[in-house]
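S.K.: the sequence and its predicted three-dimensional model are supplied below.
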There are 2 protein chains.
Amino acid sequence: MREVNRRPIGVFDSGIGGLTVVGELRRCLPQEDIIYLGDTARVPYGNKSEDTIKKFAIQDTEFLIKFQVKVIVVACNTVSSVALEFLKDRNLGIPIFGVVEPGVKVAINKSRSRKVGVIGTVATINSGAHKRLFPEDFEVIEKACPLFVPLAEEGINSGSIAKDVAELYLAHLREKVDTVILGCTHYPILKDVIRDVLGSEISLVDPAEEVAKEVRDFLLKGGLLNSGGGNLDIYLTDIPPHYLELIERFLGDRVNNLKKVDLENH
Amino acid sequence: MREVNRRPIGVFDSGIGGLTVVGELRRCLPQEDIIYLGDTARVPYGNKSEDTIKKFAIQDTEFLIKFQVKVIVVACNTVSSVALEFLKDRNLGIPIFGVVEPGVKVAINKSRSRKVGVIGTVATINSGAHKRLFPEDFEVIEKACPLFVPLAEEGINSGSIAKDVAELYLAHLREKVDTVILGCTHYPILKDVIRDVLGSEISLVDPAEEVAKEVRDFLLKGGLLNSGGGNLDIYLTDIPPHYLELIERFLGDRVNNLKKVDLENH
C-alpha cells in the first residue's frame, strides 16, 4: 500500500470535456499523479435520466477507487449536479469534489448586480443544483443548451451556426445578468462565441480553476501533497478514430498514456 | 415454444430513431408482434469506434434473441454499416435485416443520372458501406452530418439554425446528384429542411419503407406471417423525462408498452 500522499488524484467525466479540469489541476499541482476516466462509450450523460446518471457515476467512481486514489474530482457538471450527494452518501472513505459548488462560489464573488446566469446540459439545469447554492437575494436564470456539446465536439466554435445557436440560448440572458457560469466542461471551447453573443461586460465563470485551487488547499491542509509525481494516465471507454486531436485540444497538452477500458467487465 | 410464425419481429437501434422503421413495419405488417430495443443509455453510436459499436450490437441482438424473435431488423444505419456482416457471421440462426442495402437498392432504381449522395453519421460514412453496394458506374458522394442527430433530438427541424447546418453539410451535393439516401433513422425528422437546401428536384430516399417490404416478402415466402398479433413492446435502456413525446413523434403513433431494461445485467 502506497503512502497516501503518493497516491494519484482520480478525475472522471462522461467524456473528454473534463480534461479542461485536468489541465488546471496540472498547472496548479504539477507534482501530482492523475488518473482520468472518460466514459466516452456512453457519452453524453447530460440528456439522460437521473437513475442512469447515478448508475454510471457509481461505475466511474468504482473504477477510480481501484487505483487507490486519494481524492476524486467529478469533473462532469451533470454528475456533480445530479449525483454528488448520492456518491458522498455511499461513504466511500474518499473525499469527493464536484464542479458545481466552486462555480457558484466564484460567481457569488464576481457578480455585483447579484444576477447570475447558469448554462448547462438538460440534466444539470433540471436538477437546479446551482440555484440551490446561491444566497436568497440572488436572481439566478438557468438555461439548458443541449446543442453546445455536439458543437464543441465537432469543433464548430465560430461562424454563423455557432453564433445562431448561442443567440438562441443566450439572447434572453443579455442585460439581465452580469455573470454567467459555464456549467459544462465542454463550454470553455465555445467561450469566444458565448462572449460574442453576451457582450464583453458579462463575466464568464469556468469552475475548473477554482476546483483545482480547492483540491490543492485540501491536500495542503491534510499533508497529502505529492512531491515526486506528475504522471497523467487517461482511460477512456471508447477511442474513436481521430480522437487524439480532440483530447489534446481539451487538455491543452500532448497525451502519452491513453488506454481503453471496459467498465462493464472491469 | 411458440410456433415460428407467432413469434415477434425484433428491431433495435441505438436510440429511438429506429421507431420510424417500426412505424413502416406496422403499416406494412399490422398483424405482427414487434419487440423494439433502443439503447438510449448509450446513444449515440454514430461517433463511436467500430469495436464499441460491434460490442453494443452483440448485446442488443442477444437481448432480442431472448424473446425468441423470428427475424431481427437492425434499424440503426451505424450498426448496419459497421457491424451487419459481423453479426451475420456469428451464426445466430435468425435472419438479420439491415437498412443499408434497401436504401441503396431504392437509390439505384430512382437515380437517372447515376449520381447519388449518401448522408449519415461519422461511423456510417467512414465505413463506406453504402458506396460498396453501388454498381461501378455510379458516382457516390458521401457526407457525414454529425449535428443532424442532436438537431432532430432537440426538435430543431426548421428555422435558420437547421437551415445553416443543412447548408453546411449539403451545399456541395446540390447539382451534383439527383438522389440522396437519408442514411440515419433520425434524418426523416429533418426532411423538410434537407429538401429546402437540396431543392425539390432531388429525390430523398428513406430506407424504412423498403426495409418493411423486404421483411414482409421474406415472411411471406417462408410461411412465417402472423395473423393474430399486432402488439408493440418498446424497451429502452434509459427513459429521460419528457421522452414519451419524442418517442411518439418518431413512431407516428401513441405508445402503451414502454419498459426500461438494463443490458449490462439482463
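M.R.: Noted; the coordinates are in hand. Numbers count the residues shown, from 1 in each chain, chains lettered A, B, ... in the order given.
S.K.: near chain B, which residues of the stretch 101-250 of chain A? Just list them.
M.R.: Of all the residues in the stretch 101-250 of chain A, those in contact range of chain B (C-beta under 8 Å from any C-beta of the partner chain) are A:122-123, A:126, A:146-147, A:149-151, A:153-154, A:156, A:160-161, A:164-165, A:168, A:237-241. From N, CA and C alone the C-beta is placed, and that goes for glycine too.
S.K.: of the residues you listed, buried ones?
M.R.: Judged by neighbour count, with 16 or more other C-beta atoms under 10 Å in any protein chain shown as the criterion, the buried members of these are A:122-123, A:126, A:146-147, A:149-151, A:153-154, A:156, A:161, A:164-165, A:168, A:237-240.
S.K.: before we move on, the earlier item: helices - which of the residues of the stretch 101-250 of chain A next to chain B land there?
M.R.: Under the assignment DSSP state H, those contribute A:122-123, A:126, A:149-151, A:153, A:160-161, A:164-165, A:168 to helices.
S.K.: quick check: the farthest pair among these?
M.R.: Greatest spatial distance among these (C-beta to C-beta): A:Asn126 and A:Ser160, at 29.5 Å.
S.K.: which residues touch stretch A:42-62?
M.R.: Counting by C-beta atoms under 8 Å, 6 or more residues apart in numbering or on different chains, the neighbours of stretch A:42-62 from elsewhere in the structure are A:12, A:14-15, A:37, A:39, A:72, A:74, A:76-79, A:82-83, A:86-87, A:90, A:92, A:96, A:120-124, A:127, A:146, A:149, A:184, A:237, A:263-264, B:40-42, B:153, B:237-241.
S.K.: show me which residues of it are buried.
M.R.: Across stretch A:42-62, burial judged by 16+ other C-beta under 10 Å covers A:42-50, A:52-53, A:55-57, A:59-61.
S.K.: hey, where'd the strands end up in the stretch 1-150 of chain A?
M.R.: For the stretch 1-150 of chain A, the strands defined by DSSP state E, counting those that start in this stretch occupy A:9-13, A:34-38, A:71-74, A:96-97, A:115-120, A:139-144.
S.K.: by residue count, which helix of chain A is the longest?
M.R.: With residue count as the measure and DSSP H as the assignment, chain A has helix A:50-65 as its longest helix.
S.K.: what's the angle between it and strand A:34-38?
M.R.: Comparing the axes of helix A:50-65 and strand A:34-38 via axes from the mean of the first three to the mean of the last three C-alpha atoms, to 10 degrees yields an angle of 150 degrees.
S.K.: give me the mean pLDDT for helix A:50-65.
M.R.: Regarding helix A:50-65, the rounded mean pLDDT is 97.
S.K.: restricting to C-alpha, output it in PDB.
M.R.: Extracted as PDB, the C-alpha positions of helix A:50-65 are listed here (Å, rounded to 0.1, in the frame of the first residue of the first chain):
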ATOM      1  CA  GLU A  50     -31.200  10.700 -13.100                       C
ATOM      2  CA  ASP A  51     -31.200   7.000 -12.400                       C
ATOM      3  CA  THR A  52     -28.900   6.200 -15.400                       C
ATOM      4  CA  ILE A  53     -26.500   9.100 -14.500                       C
ATOM      5  CA  LYS A  54     -26.300   7.700 -10.900                       C
ATOM      6  CA  LYS A  55     -25.600   4.200 -12.100                       C
ATOM      7  CA  PHE A  56     -22.900   5.400 -14.400                       C
ATOM      8  CA  ALA A  57     -21.400   7.600 -11.700                       C
ATOM      9  CA  ILE A  58     -21.100   4.600  -9.400                       C
ATOM     10  CA  GLN A  59     -19.200   2.600 -12.000                       C
ATOM     11  CA  ASP A  60     -16.900   5.600 -12.800                       C
ATOM     12  CA  THR A  61     -16.100   6.000  -9.100                       C
ATOM     13  CA  GLU A  62     -15.500   2.300  -8.500                       C
ATOM     14  CA  PHE A  63     -13.100   2.200 -11.400                       C
ATOM     15  CA  LEU A  64     -11.000   5.100  -9.900                       C
ATOM     16  CA  ILE A  65     -11.100   3.600  -6.400                       C
END
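S.K.: what's the first helix or strand after the helix-or-strand element of chain A with minimal mean pLDDT?
M.R.: For chain A, using mean pLDDT, DSSP states H and E, the weakest element among its helices and strands is helix A:243-251, scoring a mean of 88. Elements were assigned by DSSP states H and E; along the chain past helix A:243-251, the next helix or strand is strand A:257-260.
S.K.: re the thing from before, for the least confident helix or strand of chain A, buried residues please.
M.R.: Going by neighbour count (16+ other C-beta under 10 Å), the buried part of helix A:243-251 is A:243, A:246-247, A:250-251.
S.K.: what sits up against that helix?
M.R.: Applying C-beta under 8 Å, 6+ apart, the set of residues contacting helix A:243-251 from outside is A:16-17, A:19-20, A:22-23, A:40, A:153, A:155, A:185, A:189, A:234, A:236, A:254-255, A:258.
S.K.: do you know how far A:Leu25 is from A:Val106?
M.R.: To A:Val106, A:Leu25 is 16 Å away according to C-beta to C-beta, to the nearest Å.
S.K.: what about stretch A:87-105, start to end distance?
M.R.: 21 Å (C-alpha to C-alpha, to the nearest Å).
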